[in-house]
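Colleague: Below are the sequence and a predicted model; questions follow.
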Amino acid sequence: MRPSLQRHRSVLDFALSSLLRRKGRNLALTAVYTLVVFVLASLVFFVQALKHEAGELLEHAPDMVVQRMVAGRHDPMPASQVDAIREIRGVEEAEARLWGYYYDPVYGGNLTVMASPDPTLLPGSARIGRGVARNMRVAEGDMVPLRGYDGLPLLFTIQQVLAEESELVASDLVLLTPADVRTLFHLPEGLATDLAVKAGNPRELATIAAKIVEKFPDARPILKAEMLRTYEAAFDWRGGLMVVVLSSAILSFIIFAWDKATGLSAEERKEIGILKSIGWESGDVLLLKFWEGAVVSLAAFLGGVLLAYGHVFFFSATLFEHALKGWSVLFPRFRLIPALDAYQLTVLFFLTVLPYTAATLVPCWRAAMADPDSAMRS
Amino acid sequence: MIQHPGVLALLLASGLVTLLVVAAAGLGWQILRHWDQHSGTESQLALERRTYLVSALLSLALGVQVLSLFLFIFTADGLHSQFVGAMCAAGSLAAAPYGYTTLLLKVGTCLLAGAWIVLHRADIRAYDCPLIRPKFGLLLGLAPLVLAETWFQTRYLTGLRADVMTSCCGSLFGQGREGIAAELAGLPPALMHPLFWGSLLAFAVAGGWFLRTRRGALAFSLLGLAFFVIALVALVSVFDLYIYELPTHHCPFCLLHREHGFVGYPLYATLLGGALTALGVGVLSPFRGRTSLASVLPAMQAKLAWTALGCAAVFTLIVGIWALVSPLRL
């Protein structure tokens, strides 16, 4: 082995035994450090996983949704507009959608009621999401009453409870036939809620949107890219806000680390004094302090990251769930898909290890520069 | 400002680096003014102890500086989806003033920081600290640059607004556009091929001569720096076309994406590492006459020269293989 490597190995060996000699103190420091890394790592992983999830979901969303605006509010679209938009060059497919929100006063949840073009769905029947089934405590074959626009109840037989995999998007979903949706909301024939547009070439979407607005100034086209951008901005903002809130915790930890590094015990002083008197140079003691800090940082960083991984991807980030996902009565239950990369780990490293190292640098230097004679006397 | 964890990490890092470098520069100024190698006074001993602190402060600051260069590019790349029209970091850097200024300053501080570390490594190997004055002189030059970088980075990051319109890399580095980046990207292969291979040959010959005779260190260093600058221009104007398999796409940042196998990372790492080590050979050459360094510097310079030549070889190998296997023919 090369002499320089051998030197590092020997100093690391000594640093480990030195840390073990002061088990209690170092364990307390590592535990607090791990907790700080855990909280921040959970946050970073969770935000990244949600962004990843949103991206995956929007992968199957229509390229563009066109809504009609009346007095600044979303209004149903006449079928004539739907046909005219379908005629625009570049539009491959345009589907009129029929949907609305239904507030259930008994269970206090908002349902998304949507017309399904599937011919196997029978009139008077419904397909419901897992969240709806859970909330109303119903199963396939049961009857569900929904109050129509005139206050009279309409009964629907549950034909199917939607699969668990679709829970994130379909937790609050109720699928009915188009005729049943029109009866429930009193939507006249010839009107649709909005329009889902698919373009042959996605690069033409901006041009298609401009043509739609030119033709129908009251139309509002929403591109999939815009939705994705909004999701990203919202999650980043929530994540960043939490980091700012947690900065006080990081600052407290830095003060704690500074205090621990400054307050050398008499035994430690004596140890440094003896090391220097037997031939260690100040640079060697500084290297020893560096390795002690590196071992503590590495242990806390790895521990914190592993705990955060379990917290986010196995326990759905119980601690931050409501602050970051939002809240609702009909909340979907889902397990996040692990989305972890070197970038997130670097960000975490910058937010935790860097301030710790900077805070302990000057105290370590002071310790290393101690005069052997006075250090041994103290 | 966009409250992205990466943005917050960059702001925190630049704040800390500035603090460390300013503290080190303050101590360095005292050392420069009062250093007297032959004195045995209490104040000289205190100064000698402080050199350890300055070295520790700067080693941390400069290590973070190199890491933050990559974090900066990656964060800019990750933010591109929040700006209308941006396809990669090129658009994000143009989305607010001082994006490209910050990037250039970061590269500049990384190179100077590398030169400082090379001087420091040589200095601590000699018994009489012969490079203390040039080392701390360089530090005093480095500190304003780090301050400027922190200032421009803060202005850039706090000036970012989601949903603003920006330009995509296709328009920033496209042929026929105005601006130095577009003009460099538009240089023809007929010019860049001979320039790249010629500078590589000159660099390799200078390297061979230096390693054989231990002479011509400055020429080797200058030829090395010229090669790495030409290699960067050749990468953006010619070699990336083979990687993208498109005759018109010249973006230097799309190389960092997954769809191109993250090939940008080894390419830029070899360019930065090579330029840094070639610069190191030149930085050390004026001090070869110092007695206490006579046994140290030749070995150090040889190691740096081998690393610079190795980086050039790896870079050439990657772009060469890509040009051979790419279905695009220019």
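Modeller: Yep, it's here. Numbers count the residues shown, from 1 in each chain, chains lettered A, B, ... in the order given.

Colleague: What's the first helix or strand after the one helix or strand residue A:46 maps to?
Modeller: Following DSSP states H and E, the helix or strand that holds residue A:46 is helix A:23-59. Moving toward the C-terminus from helix A:23-59, the next helix or strand (DSSP H and E) is strand A:64-70.

Colleague: Parallel or antiparallel, list what pairs with the following helix or strand past that next one.
Modeller: Toward the C-terminal end, the helix or strand that comes next after strand A:64-70 (DSSP H and E) is strand A:73-75. Strand A:73-75 has its sheet partners listed here by DSSP bridges as strand A:64-70 (antiparallel).

Colleague: got the contact list for the partner strand?
Modeller: A:74-78, A:81, A:85, A:194-199, A:205, A:208-209, A:212, A:216, A:218-224 (C-beta atoms under 8 Å, 6 or more residues apart in numbering or on different chains). C-betas here are computed from N, CA, C, even on glycine.

Colleague: Give the ChimeraX command for selecting the buried subset of those.
Modeller: Those of these that count as buried under 16 or more other C-beta atoms under 10 Å in any protein chain shown are selected in ChimeraX with:
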select /A:76,77,81,85,194,195,196,197,199,205,208,209,212,216,219,221,223,224
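
Colleague: out of the contacts of strand A:64-70, which are inside strands?
Modeller: A:74-75, A:77-78, A:194-199, A:219-223 (DSSP state E).

Colleague: In the chain, which residue is most central in space?
Modeller: Here I'm looking at chain A. residue A:47 (2.4 Å; C-alpha atoms, centre = their mean).

Colleague: Actually, chain B is the one I wanted.
Modeller: residue B:107 (4.0 Å).

Colleague: Where does that one sit: helix, strand or coil?
Modeller: Secondary structure assignment for residue B:107 (DSSP: H, G, I helix; E, B strand; the rest coil): helix.

Colleague: dump the residue contacts of it.
Modeller: Residue B:107 touches B:69, B:272, counting by C-beta under 8 Å, 6+ apart.

Colleague: what's the pLDDT at it?
Modeller: You'll see residue B:107 listed with a pLDDT of 93.

Colleague: Show me how the record splits chain A into domains.
Modeller: Structural domains of chain A, as assigned by automatic domain parsing, span the residue ranges A:3-58+A:229-377, A:63-222.

Colleague: As CSV, these with distance to residue B:270 would be great.
Modeller: Converted to CSV, these look like this (distance: least, C-beta to C-beta, whole Å):
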stretch, distance to residue B:270
domain A:3-58+A:229-377, 18
domain A:63-222, 35
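
Colleague: Compile the ones you listed into a markdown table and extend it with columns for mean pLDDT.
Modeller: What follows is the domains of chain A, written out as a markdown table (pLDDT from 0 to 100):
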| stretch | mean pLDDT |
| --- | --- |
| domain A:3-58+A:229-377 | 84 |
| domain A:63-222 | 87 |
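
Colleague: Relative to residue B:13, which of these is closest?
Modeller: domain A:3-58+A:229-377 (5.2 Å; C-beta to C-beta).

Colleague: so how far is that closest one from its chain's centroid?
Modeller: 21 Å (C-alpha atoms, centre = their mean, to the nearest Å).

Colleague: Also stretch A:114-122?
Modeller: 33 Å.

Colleague: got the buried residues for the strand or helix carrying residue A:363?
Modeller: Taking DSSP H and E as the criterion, residue A:363 maps to helix A:342-368. Within helix A:342-368, the residues that qualify as buried are A:343-344, A:346-365, A:367-368, counting by 16+ other C-beta under 10 Å.

Colleague: Likewise for stretch A:277-295?
Modeller: Applying 16+ other C-beta under 10 Å to stretch A:277-295 flags A:280, A:282, A:284-293, A:295 as buried.

Colleague: same deal with stretch B:287-295?
Modeller: Quick answer for stretch B:287-295 (16+ other C-beta under 10 Å): B:287, B:292, B:293.

Colleague: where do the helices sit along the stretch 151-300 of chain B?
Modeller: In the stretch 151-300 of chain B, the helices defined using DSSP state H, counting those that start in this stretch lie at B:169-172, B:180-185, B:189-213, B:217-234, B:240-244, B:264-284, B:297-325.

Colleague: Would you mind putting those into a markdown table with mean neighbour count alongside?
Modeller: Shown next, in a markdown table, are the helices of the stretch 151-300 of chain B (neighbours: other C-beta atoms under 10 Å in any protein chain shown):
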| stretch | mean neighbour count |
| --- | --- |
| helix B:169-172 | 21 |
| helix B:180-185 | 16 |
| helix B:189-213 | 16 |
| helix B:217-234 | 21 |
| helix B:240-244 | 21 |
| helix B:264-284 | 22 |
| helix B:297-325 | 18 |
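
Colleague: what's near enough to touch residue 271?
Modeller: Since you didn't name a chain, this refers to chain A. residue A:18.

Colleague: that's the wrong chain, I meant chain B
Modeller: Contacts for residue B:271 (C-beta under 8 Å, 6+ apart) come out as B:228, B:231, B:232, B:235, B:311, B:315.

Colleague: Residue A:98 contacts residue A:187, correct?
Modeller: Yes: contact criterion C-beta atoms under 8 Å: residue A:98 and residue A:187 qualify, at 6.8 Å.

Colleague: Quick check: neighbours shared by those two?
Modeller: Common neighbours of residue A:98 and residue A:187 (C-beta under 8 Å, 6+ apart) are A:181, A:193.

Colleague: Comparing these two, which residue is more hemmed in?
Modeller: Neighbours were counted for residue A:98 and for residue A:187 using other C-beta atoms under 10 Å in any protein chain shown; residue A:98 has more, 22 against 19.

Colleague: which residue sits closest to the residue of the stretch 201-350 of chain A at minimum distance from chain B, ignoring its sequence neighbours?
Modeller: At 2.5 Å from chain B, residue A:240 is the closest residue in the stretch 201-350 of chain A, using C-beta to the nearest C-beta. Leaving aside its sequence neighbours, residue A:240 sits nearest to residue B:3 (C-beta to C-beta, 6 or more residues apart in numbering or on different chains; 2.5 Å).

Colleague: From residue A:245, how far off is the one you found?
Modeller: 11 Å (C-beta to C-beta, to the nearest Å).

Colleague: more crowded one of the two?
Modeller: A count of neighbours by other C-beta under 10 Å puts residue B:3 above the other of residue B:3 and residue A:245, at 16 against 11.

Colleague: May I ask you to name the longest strand in chain A?
Modeller: strand A:153-161.

Colleague: which secondary structure elements does that strand contact?
Modeller: Applying 3 or more C-beta pairs under 8 Å, 6 or more residues apart in numbering or on different chains; DSSP states H and E, we find strand A:153-161 packed against strand A:125-128, helix A:130-136, strand A:143-147, helix A:178-185.

Colleague: Now these in JSON lines, please, with extra columns for distance to residue B:248 and mean neighbour count.
Modeller: Below are those laid out as JSON lines (distance: least, C-beta to C-beta, whole Å; neighbours: other C-beta atoms under 10 Å in any protein chain shown):
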{"stretch": "strand A:125-128", "distance to residue B:248": "49", "mean neighbour count": "23"}
{"stretch": "helix A:130-136", "distance to residue B:248": "49", "mean neighbour count": "21"}
{"stretch": "strand A:143-147", "distance to residue B:248": "57", "mean neighbour count": "15"}
{"stretch": "helix A:178-185", "distance to residue B:248": "48", "mean neighbour count": "18"}
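
Colleague: For residue B:53, which residues are in contact?
Modeller: Residue B:53 touches A:361, A:362, A:365, B:24, B:27, counting by C-beta under 8 Å, 6+ apart.

Colleague: repeat that for 10 Å
Modeller: A:286, A:361, A:362, A:364, A:365, A:366, A:368, A:369, B:23, B:24, B:27 (C-beta atoms under 10 Å, 6 or more residues apart in numbering or on different chains).
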